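In: only geometry, no sequence info:
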């Protein structure tokens, strides 16, 4: 059965349907960067609230700034913006749910004015973002906004025809200010520390270059709540589509598959109101920091620790690496000995239990999370997920062997060929730059670790870390992943 408005009530009885009519909902949120995670997380929570008979004024209008977003929009538009969310765990009671919280999607390349106009509508009170860790144009080594980037320079020169999120936000906020409409809240849902503060810093830096008076108005009127977001959401594959059709009879061009676990910890800083998400499980707090540190260093950091090693070994799914006892021992040692001592206590969280849950989540066979997804955009992920842990280890004079292996695995992964001789492409916007860093083995250490925007200044200056990196890189090259892990663990357990 093709998923659309007409066929909705002909779907199988076990499929949960919206208890509301999306056509009667008003756009209160514009979300920039509609991908699987947004649909499995923020839209999931909003749909749950709508199913309680609330949030009538908080429907989501998607926005796409990239050419690739057209296929996303077309897939959703072809089914009246409904989509299927499938929760997959290692138990047979899979939840299948149709979500209707997203009711439209605009593309920047179809006309900037239409998108700016939507953002400027009085009913829109939140603009949320999933634009990837690198999308904020902040230099991780200096913390400064990278105004020199060509796309930023374009938007400064053409404020009515922007291409970046900052150009669109400024154009819309200017319209709102000039019309006497209150500012919307900018809510980052990206996986980076203090994401709200980062969004604020980037937008204000752009606005200051564009229009100092607008900068001052934004600084005074726009809220930027920090948030910790969590749900493992693989890339939608043809296999997922086929599985949904075969098992549940639903023909969906762009379903989303995710794990049952979901978490959202959010600062209650909204200037123009918000949905009552706390009624559907969102935790509001005055300080997200301990939750961010826990999640980013343990989950995201451990993901990086296993993903490049697993890919080099020839695995292609996260659960395959977790079926290998060596990987489980290594990841647990990294969590216990390198990360946990750096974490403050987290209200309401038992860290030992949280780490046990992470091992279970990584081992989820049913969602078949792709290592390629976790490998992607490593040049932006390392500064946020791994480098802070390494910096602290260096500063505290602790062993850096396990953490150095993470970096050594990435260096070898950038070569584009695994232990089985299989060649692969590098999914990173800076792939060409990164691969050039490792092209010459003789200068690899100096060139790679010397990239300040990725590794900062402490790492290349630490003789102990550099030596550990070179040992692990040599071992991976000459002995392979399995022997390297065995040797490392034998010496430390």
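Out: Alright, I've got the coordinates. This one's a predicted model, so the numbers in the text were calculated from it and none came from an experiment. Residues are numbered from 1 along each chain as shown.

In: Correct me if wrong, but residue 109 is in a strand.
Out: No - counting by DSSP: H, G, I helix; E, B strand; the rest coil, residue 109 falls outside a strand, being helix.

In: Let me see the domain layout of this protein.
Out: Per automatic domain parsing, the structural domains of the chain span 8-285, 289-490.

In: Save these as TSV, and put in mean pLDDT too.
Out: Formatted as TSV, the domains of the chain follow (pLDDT from 0 to 100):
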stretch	mean pLDDT
domain 8-285	96
domain 289-490	97
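
In: Tell me the helices and strands packed up against the host helix or strand of residue 468.
Out: Element membership for residue 468 (DSSP states H and E) is helix 463-490. The contact analysis (3 or more Cβ pairs under 8 Å, 6 or more residues apart in numbering; DSSP states H and E) places helix 463-490 against helix 301-313, helix 325-333, helix 387-395, helix 401-413, helix 444-449, helix 458-461. To be clear about C-beta, it is placed using only N, CA and C from the backbone, and glycine gets the same treatment.

In: picking that back up, now tabulate the domains of the chain in a markdown table and tack on distance to residue 2.
Out: Output for the domains of the chain, formatted as a markdown table (distance: least, Cβ to Cβ, whole Å):
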| stretch | distance to residue 2 |
| --- | --- |
| domain 8-285 | 5 |
| domain 289-490 | 25 |
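
In: buried residues in stretch 91-109?
Out: For stretch 91-109, burial by neighbour count (16 or more other Cβ atoms under 10 Å) applies to 94, 96-108.

In: which of the residues you listed lies closest to residue 9?
Out: residue 98 (10.4 Å; Cβ to Cβ).

In: Am I right that the closest one is in contact with residue 8?
Out: Yes - contact criterion Cβ atoms under 8 Å: residue 98 and residue 8 qualify, at 6.9 Å.

In: so what sits against both of those two?
Out: Counting by Cβ atoms under 8 Å, 6 or more residues apart in numbering, the residues touching both residue 98 and residue 8 are 17, 82.

In: Now do the nearest residue to residue 40 once chain neighbours are set aside: how many residues are near it, please.
Out: Computed as Cβ to Cβ, 6 or more residues apart in numbering, the closest residue to residue 40 that is not its neighbour in sequence is residue 258, at 4.0 Å. Per other Cβ atoms under 10 Å, the neighbour tally for residue 258 reads 24.

In: Next: residue 176.
Out: Counted with other Cβ under 10 Å, residue 176 comes out at 21.

In: Check which helix or strand it maps to.
Out: Using DSSP H and E, residue 176 sits within helix 165-179.

In: For residue 51, see how far away the nearest residue to residue 409 once chain neighbours are set aside is.
Out: Among residues not flanking residue 409 along the chain, residue 308 sits closest, at 3.8 Å (Cβ to Cβ, 6+ apart). For residue 308, the distance to residue 51 equals 40 Å [Cβ to Cβ, to the nearest Å].

In: State the helix or strand in which residue 433 lies.
Out: Take DSSP H and E as the rule and residue 433 turns out to sit in helix 431-437.

In: where along the protein do the strands fall?
Out: 27-32, 59-64, 83-87, 95-99, 102-107, 126-129, 185-188, 227-230, 256-258, 263-267, 283-285 (DSSP state E).

In: From the contact counts, what lies against the fifth one?
Out: Right, strand 102-107. strand 27-32, strand 59-64, helix 69-77, helix 112-120.

In: how about the nearest residue to residue 480, chain neighbours excluded?
Out: Nearest residue to residue 480, sequence neighbours excluded (Cβ to Cβ, 6+ apart): residue 419, at 5.5 Å.

In: was I right about the one you found contacting residue 314?
Out: Yes - with contact defined as Cβ under 8 Å, residue 419 counts as touching residue 314 (5.9 Å).

In: list residues touching both of these two?
Out: Contacts common to residue 419 and residue 314, judged by Cβ under 8 Å, 6+ apart, are absent.

In: Identify the spatial nearest neighbour of residue 231, chain neighbours not counted.
Out: residue 262 (4.5 Å).

In: Please tell me how far that neighbour sits from residue 376.
Out: For residue 262, the distance to residue 376 equals 22 Å [Cβ to Cβ].

In: Mind checking which of residue 308 and residue 51 has more residues around it?
Out: The residue with more neighbours, out of residue 308 and residue 51, is residue 308; 25 against 19, by other Cβ under 10 Å.

In: show me what contacts that one?
Out: Neighbouring residues of residue 308 by Cβ under 8 Å, 6+ apart: 375, 378, 406, 409-410, 412-413.

In: Give me the phi and psi for the residue lying closest to residue 366 once chain neighbours are set aside.
Out: Nearest non-adjacent residue to residue 366, counting by Cβ to Cβ, 6+ apart: residue 88, 3.8 Å away. Dihedral angles of residue 88 (phi, psi; degrees, to the nearest 10) stand at phi -120, psi 120.

In: Residue 88 contacts residue 258, correct?
Out: Yes - counting by Cβ under 8 Å, residue 258 is a contact partner of residue 88 at 7.4 Å.

In: Mind listing the shared neighbours of the two?
Out: residue 367.

In: what separates residue 419 from residue 166, distance-wise?
Out: Taken as Cβ to Cβ, the span from residue 419 to residue 166 is 42 Å.

In: Tell me which residues touch the residue lying closest to residue 43 once chain neighbours are set aside, please.
Out: Of all residues not flanking residue 43 in the chain, residue 101 sits nearest, at 4.6 Å (Cβ to Cβ, 6+ apart). Residues near residue 101 by Cβ under 8 Å, 6+ apart: 22, 25, 43-44, 46-47, 50, 59-60.

In: Apply 7 Å and report the result again.
Out: 43, 46-47, 50, 59-60 (Cβ atoms under 7 Å, 6 or more residues apart in numbering).

In: Give the burial count for the nearest residue to residue 198 once chain neighbours are set aside, as a bare number.
Out: Spatial nearest neighbour of residue 198, chain neighbours left out: residue 136 (5.3 Å); criterion: Cβ to Cβ, 6+ apart. Neighbour count of residue 136, defined by other Cβ under 10 Å: 23.

In: and if you look at residue 285?
Out: Residue 285 has 17 nearby residues by other Cβ under 10 Å.

In: Isn't it up against residue 265?
Out: Yes - with contacts counted by Cβ atoms under 7 Å, residue 285 reaches residue 265, the gap being 5.9 Å.
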